[in-house]
Structures are given as structure tokens and as C-alpha cells.
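Asks: got a structure for you, letters missing:
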């Protein structure tokens with residue numbers, strides 16, 4: 001957490017330059033802001049989407065994939081594993097680099113239940129999953145950044 005000494009505000013920016021382009025960057029951005037602000041009692045800074053901030057936390061999704069790992073026909077469900085590689089940068093107000101990790105891997109497992117009854121295609125197209133993946137990615141990223 002020594003990266004944030006003297007910092008009161010953090011602008012969070014999320015982009016997706018992967019070939020698949022499946023992850024909802026808006027959901028990830030909001031999840032990151034919620035996760036960072038939930039820890040404000042300990043961090044003493046506030047995260048936001050725009051405005052004049054002391055620093056900028058930039059997350060770029062550079063690779064992503066999802067695939068079924070196991071089917072459960074008896075309950076009309078399936079396990080899926082999702083993986084993303086992100087590039088993360090923390091820069092100061094003047095643009096100088098404070099910290100970076102160009103290849104930070106993230107992953108999550110998700111169980112899709114009642115696929116046929118809900119008439120969903122499991123994977124990135126499921127809105128519930130997209131929100132859950134955004135939360136998992138945000139939680140993993142915040143842990144990585146705040147542990148520095």
C-alpha cells in the first residue's frame with residue numbers, strides 16, 4: 001500500500017484490446033471503483049471514473065478466454081473456467097510511472113445452472129456471469145495493487 005502514500009484520489013480507467021473483446025469494461029471499472037472505495041477506511045483515498053485525480057490506475061485487458069471444463073447434464077449445468085491477462089499501470093498526475101505489471105493474469109471459475117431453462121448460452125454472454133467475473137477480476141487486482 002506504500003504506492004498510495006500522499007494520494008487522495010485515483011481515477012480508474014479500463015480498456016480491452018484483446019482479440020476476443022468479451023469482457024464488459026464498464027462493469028470491471030465500476031467493480032474496481034467499488035472494491036477500492038470499500039477499502040477507503042484503510043487506504044484513505046477515493047476512486048472515481050473521471051475528474052482531476054492524484055493518480056490514474058489503468059487496466060488493459062490484453063487477452064481473455066473462457067471454456068467449459070465439465071458438464072452436469074443431470075442438473076442442466078456446466079463448469080466454466082475463464083482467464084484474462086491484464087496490463088496494469090499506476091501513473092501520477094503528471095504521467096510519470098509509479099508502478100506497472102504488464103502481464104498480470106486473472107482467472108475465475110463459474111458454474112452455470114439451468115442453462116436450458118434460463119435460455120442462456122453459458123460463457124461471456126451471460127450477464128450474471130459478466131458481473132461476477134468483473135467483481136472477481138477487481139478483487140484480484142485490488143489485492144495485487146494494495147499489497148505493493
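Replies: Yes, it's here. None of the values given here were measured: they were computed from a predicted structure.
Asks: immediately after the helix or strand containing residue 90, which helix or strand?
Replies: Taking DSSP states H and E as the criterion, the element that holds residue 90 is strand 77-92. Downstream of strand 77-92, the first helix or strand assigned by DSSP H and E is strand 97-112.
Asks: What lies in contact with that following strand?
Replies: 3, 55, 62, 69, 77-92, 120, 122, 126, 129, 132-133, 136-137, 140-141, 144-145, 148 (Cβ atoms under 8 Å, 6 or more residues apart in numbering). Every C-beta, even on glycine, is put in place using the N, C-alpha and C of the backbone.
Asks: those strands in the protein, which residues are they?
Replies: 9-16, 46-48, 55-72, 77-92, 97-112 (DSSP state E).
Asks: and the shortest one, which residues are buried?
Replies: Read it as strand 46-48. Of the residues in strand 46-48, residue 47 count as buried by neighbour count, 16 or more other Cβ atoms under 10 Å.
Asks: Return the list of helices and strands in contact with that strand.
Replies: strand 9-16, helix 25-38 (3 or more Cβ pairs under 8 Å, 6 or more residues apart in numbering; DSSP states H and E).
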